[in-house]
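Visitor: Give me the fold of what follows.
(2 chains)
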Amino acid sequence: MSLKRNILDLRRRKKEAQQGGGEAAIGKQVAMGKKTARERIKAILDDNSFHEYDLFVEHTGKDFDMEKKVLHGDGVIIGTGTMFNQPVCIYAQDFTVAGGSLGLMHARKITKIMDHALKMRVPIIGINDSGGARIQEGVNSLAGYGEIFYRNTEASGVIPQLSVILGPCAGGAVYSPALTDFVFVVENISKMFITGPSVIKTVLGEEISMEELGGALVHSEITGNAHFYALSEDECFEQIKKLISYIPWNNTQKALRFPTQAPTFPVSIEDIVPSDPHYPYDIRDIIKAIADSSDFFEIMELFARNMVIGFGRIAGNTVGFVANQPMYLAGVLDCDSSDKAARFIRYCDAFNIPIVTLEDMPGYLPGVDQEHAGVIRHGAKLLYAYSEATVPKVTVIIRKAYGGGYIAMNSRHLGADFVYAWPTAEIAVMGPEGAANIVFRKEIDEAENPAEMRKLKIQEYKDKFANPFVAASKGYIDEVIEPLETRARLIHSLEISENKVDKRPAKKHGIPPF
Amino acid sequence: MEENKPKYEVFVVNTAQYYTLHTKKYGMRKKWQAADPNEIRSFIPGTILEVFVTAGQEVAAGENLIKYEAMKMQTILEMPFTGIVKEVLVAVGDKVRKDQLMILLEELAE
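Guide: The predicted structure follows:
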């Protein structure tokens, strides 16, 4: 009999704690168009797979009358569950409890589940919805953040770390997501910034809304802090599931293998690229013409659109695509696009995902703003990432591969395993126009009709050098292939590379230019 | 596919012209201008605490021009060269943005 009473008491306690901030607070959360922390966890995990821990943890605040307050679970829910029937760790800040503010025990719960994820070598998903540090707990809050950052860094490159921003994430709190692999944001719900609009107004007199300062679109399009942009929480959860399907559970495993599916893209790969290298096309069409089921899962779609990155599958295996996008800024390399690609390459390398590079770029973006923004050190990230990567690396040069960009885009010289070029490829130190101006300056200047002579010389340069055959004659290109052969070549190259071993000198770590 | 063809812009890289789309961030970039030594600008956002000079005044190099507070620190800007204050564009209590023009100078001919 007494056992039954204990069980009933436990149920009552659980039910109360699971209420979080109570009905009124939940009502407010819903009114903001947001789901509750518990609903979010359930939506991400496999049905009925969630197991919670630390439900009865209480805060330790003693100042400012905090000792009289009950904060259920101290504003965060932690637990384990499964996705695709494989284990994951998850935590969700509960905005209904003291605004999801981070106190010492709140942080302890998060670090507990992070430690667990790292020990068990499973992915960790963090759902952020918090007003920030719990001011009443003072430096204890700061300690909590620091301990989270430390673990983010420790786990980086060992287990996948996903951050889902479903509410405010301000001040120091932003740095945990920034340290993780992928950040998901949702329109009108996610807000990330170091100093908020009110501080900016007080100090600067500048008025800006939260959305304009650090909303989902800003971080997807301008800052590059976010990787996935969704219009609703449900869309965001679908993105999380899709991403998880492409990546391995930890750095000693390979991604889930799926059955091989032929591409279904309706346009032939031969009909996508305009023959005139000055005209654009959507490089994603090429990826779709190559990838299984023509399925391409793009990452950072809106940021640095001149570079496309994302996951697809080739013969059932996940590959990371890195491709110049002639549709935007002619596909030039610049600070942002180098940064974007470099980090993705390092992700793929850390998690045993082969990299397929599609190249069509005219060089680096010229301009004072680029030079002063540090295009040298940002550009160097790309060289570093490709050179450092020891996963299988295959390059297909579609059209333009000029100058420093040719080297940077996973050239043979940076350790590519296979380099293919389409017959439309132009591999040269620079574009024919620029090169002719320099090489034939004298002839052009001295000609009776310089414009005519210039045209002639551009053509001459084009015929001689703007093709794949010079590079092929040196062995820098392994083979010039027909576009229709591309997929088969990639499948074969990746098969051959399956057991690739690329041993590098032992070191503590390199010093990449970041 | 061709119905909603986007409007491409001309984009020049190494004298070659490419047809392409611009990105939002590319459109937001600012044109670079050389700094004008006659312009005293704020290098950090802050509040003006004191203005030591008035328009028309001759000021020797190293003399105080403006004191302003930013991030709880007080900073005094000094006259970079001997010259005349042409215009003072801020007053005590003003909040200045980063890079806001505060004083216009004119160098005295030797």
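
Visitor: Report the buried residues of stretch A:262-280.
Guide: Using 16 or more other C-beta atoms under 10 Å in any protein chain shown as the burial criterion, the residues of stretch A:262-280 that qualify are A:Pro263, A:Phe265, A:Ile269, A:Ile272, A:Val273, A:Pro277, A:His278, A:Pro280. Heads up, the C-betas are built off the backbone N, CA and C, glycines and all.

Visitor: which residues are contacting that stretch?
Guide: Contact with stretch A:262-280 is made by A:281-282, A:285-286, A:288-294, A:326-327, A:330-331, A:360, A:398-400, A:422, A:424, A:426, A:431, A:482-484, A:486-487, B:1, B:8, B:16-21, as judged by C-beta atoms under 8 Å, 6 or more residues apart in numbering or on different chains.

Visitor: Mind checking the pLDDT average for that stretch?
Guide: Mean pLDDT, stretch A:262-280: 93.

Visitor: How about A:Ile345, nearest residue that isn't a chain neighbour?
Guide: For A:Ile345, ignoring the flanking residues on the chain, the nearest one in space by C-beta to C-beta, 6 or more residues apart in numbering or on different chains is A:Ala385 at 3.9 Å.

Visitor: In ChimeraX, how would I select the buried members of the contacts of stretch A:262-280?
Guide: To isolate the buried ones among the contacts of stretch A:262-280 in ChimeraX, judged by 16+ other C-beta under 10 Å, type:
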select /A:281,282,285,286,288,289,290,291,292,293,294,326,327,330,331,360,398,399,400,422,424,426,431,483,486,487 /B:16,18,19,20,21
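
Visitor: mind listing which of the contacts of stretch A:262-280 are in helices?
Guide: A:Asp285, A:Ile286, A:Lys288, A:Ala289, A:Ile290, A:Thr486, A:Arg487 (DSSP state H).

Visitor: still on that earlier bit, so which of the contacts of stretch A:262-280 sit within strands?
Guide: Applying DSSP state E to those, the entries found in strands are A:Asp360, A:Ile398, A:Arg399, A:Lys400, A:Glu426, B:Ala16, B:Gln17, B:Tyr18, B:Tyr19, B:Thr20.

Visitor: among those residues, which two are most distant?
Guide: Maximum pairwise distance among those (C-beta to C-beta): 19.3 Å, between A:Ile398 and B:Gln17.

Visitor: The helix or strand containing A:Glu460: which residues count as buried?
Guide: Element membership for A:Glu460, per DSSP states H and E: helix A:450-465. Buried positions in helix A:450-465, judged by neighbour count with 16+ other C-beta under 10 Å: A:Met453, A:Arg454, A:Leu456, A:Lys457, A:Ile458, A:Tyr461, A:Lys462, A:Phe465.

Visitor: Nearest to B:Arg41 among those?
Guide: Looking across the buried residues of helix A:450-465 and measuring by C-beta to C-beta, the closest to B:Arg41 is A:Arg454, at 44.1 Å.

Visitor: Distance check, the most centrally placed residue in chain B against A:Ile208.
Guide: Per C-alpha atoms, centre = their mean, the C-alpha nearest to the average position across chain B is that of B:Asp99, at 3.7 Å. To A:Ile208, B:Asp99 is 17 Å away according to C-beta to C-beta, to the nearest Å.

Visitor: Over to A:Gln19?
Guide: Distance from A:Gln19 to A:Ile208, by C-beta to C-beta: 36 Å.
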